[in-house]
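Colleague: I'd like to go over a predicted model; first the sequence, then the structure.
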Amino acid sequence: DQQVKQNSPSLSVQEGRISILNCDYTNSMFDYFLWYKKYPAEGPTFLISISSIKDKNEDGRFTVFLNKSAKHLSLHIVPSQPGDSAVYFCAASDPGTYKYIFGTGTRLKVLA
Amino acid sequence: GAVVSQHPSRVICKSGTSVKIECRSLDFQATTMFWYRQFPKQSLMLMATSNEGSKATYEQGVEKDKFLINHASLTLSTLTVTSAHPEDSSFYICSANQGAANEKLFFGSGTQLSVL
């Protein structure tokens, strides 16, 4: 059973516009969420995180929103750039276990 | 930021041989490291949690005799794929966190294993 889901396998956005990547989770005990960016044959690169006590965290062009009641988080990238084209994973922390559970990823393509 | 080094980046081996993958935290001590496996177009699947000085904790369905993990120091964890078979071909990635449970993970660059 997939506890962290990214229902959109791919997304195409025009350069300069906003990219919105979504992530849903089932375990209300998850207390920390992260977004990673990954290129093929490389390890993931950390982008941004959010604690369950917050509903928004912003870092430059990246903003993560958390809706605990809906068990939903989203990553906003604005403005989108061609270099943002990659696979994006959300991950949720299983409290007390040090484990992170990853979603299936969304492939973002930013069109020039 | 913290750096996690993973070697080799790519390995091709014959069926039946064993392959060792190293994961090092270069500028911090990692009491806990994680090993993931990724199949094409799929998520990162946690295989095991590597604990310095103690036995690794394996996820359900992961054969501990097949995937040997050793975390002998605070900066090094190794994953050995024993008697590799073509179905073990995959992208393996290690990660470590720098401190508390909710610290962000730093990932190695991954190892693409191809078993012929």
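Modeller: Ah, there it is. Numbers count the residues shown, from 1 in each chain, chains lettered A, B, ... in the order given.

Colleague: A:L75 against A:F62, yeah?
Modeller: Yes - in this structure, A:L75 is within contact of A:F62 by Cβ atoms under 8 Å, at 6.6 Å. Using the backbone N, CA and C atoms, a C-beta is placed for each residue, glycine as well.

Colleague: Show me which of those two is the more surrounded one.
Modeller: A:L75 (23 against 17; other Cβ atoms under 10 Å in any protein chain shown).

Colleague: Check the gap between the closest residue to chain A within chain B and A:M29 for me.
Modeller: Closest approach of chain B to chain A (Cβ to the nearest Cβ) occurs at B:F107, with a separation of 3.6 Å. When Cβ to Cβ, to the nearest Å is applied, the distance between B:F107 and A:M29 equals 24 Å.

Colleague: and what of A:V4?
Modeller: Taken as Cβ to Cβ, the span from A:V4 to A:M29 is 13 Å.

Colleague: Give me the common contacts of the two.
Modeller: Taking Cβ atoms under 8 Å, 6 or more residues apart in numbering or on different chains as the contact criterion, A:V4 and A:M29 have no common neighbours.

Colleague: And those two? Which one has more around it.
Modeller: Legend: neighbour count by other Cβ under 10 Å for A:V4 and A:M29, higher for A:V4 (23 against 11).

Colleague: what stretches of chain A score poorly on pLDDT?
Modeller: A:1, A:96, A:98 (pLDDT under 70).

Colleague: where exactly do the helices run in it?
Modeller: Here chain A has no helices by DSSP state H.

Colleague: Around chain B, which positions in it sit nearby?
Modeller: A:9, A:31-32, A:34, A:36, A:41-46, A:49, A:51, A:89, A:91, A:93, A:95-105 (Cβ under 8 Å from any Cβ of the partner chain).

Colleague: what about 10 Å?
Modeller: Within chain A, the residues that sit near chain B (Cβ under 10 Å from any Cβ of the partner chain) are A:2, A:4-6, A:9, A:31-34, A:36, A:38, A:40-49, A:51-52, A:87, A:89, A:91, A:93-105, A:107.

Colleague: If you drop the residues flanking it in sequence, what lies closest to the residue of chain B closest to chain A?
Modeller: A:G43 (3.6 Å; Cβ to Cβ, 6 or more residues apart in numbering or on different chains).

Colleague: just B:V62 next, same as before
Modeller: Nearest to B:V62 is B:M47, by Cβ to Cβ, 6+ apart, at 4.9 Å.

Colleague: Looking at chain A, which residue is nearest chain B?
Modeller: A:G43 (3.6 Å).

Colleague: Could you report the neighbour count for the residue lying closest to A:S51 once chain neighbours are set aside?
Modeller: What sits nearest to A:S51 in space, not counting adjacent residues and going by Cβ to Cβ, 6+ apart, is A:Y32, at 5.7 Å. By the criterion of other Cβ under 10 Å, A:Y32 has 20 neighbours.

Colleague: quick one, strands of chain A?
Modeller: A:4-5, A:10-14, A:19-25, A:32-38, A:45-51, A:56-59, A:62-67, A:72-77, A:86-94, A:99-102, A:106-111 (DSSP state E).

Colleague: Mind listing the residues bridging to the residue of chain B closest to chain A?
Modeller: Applying DSSP bridges to B:F107 yields these beta-bridge partners: B:S95.
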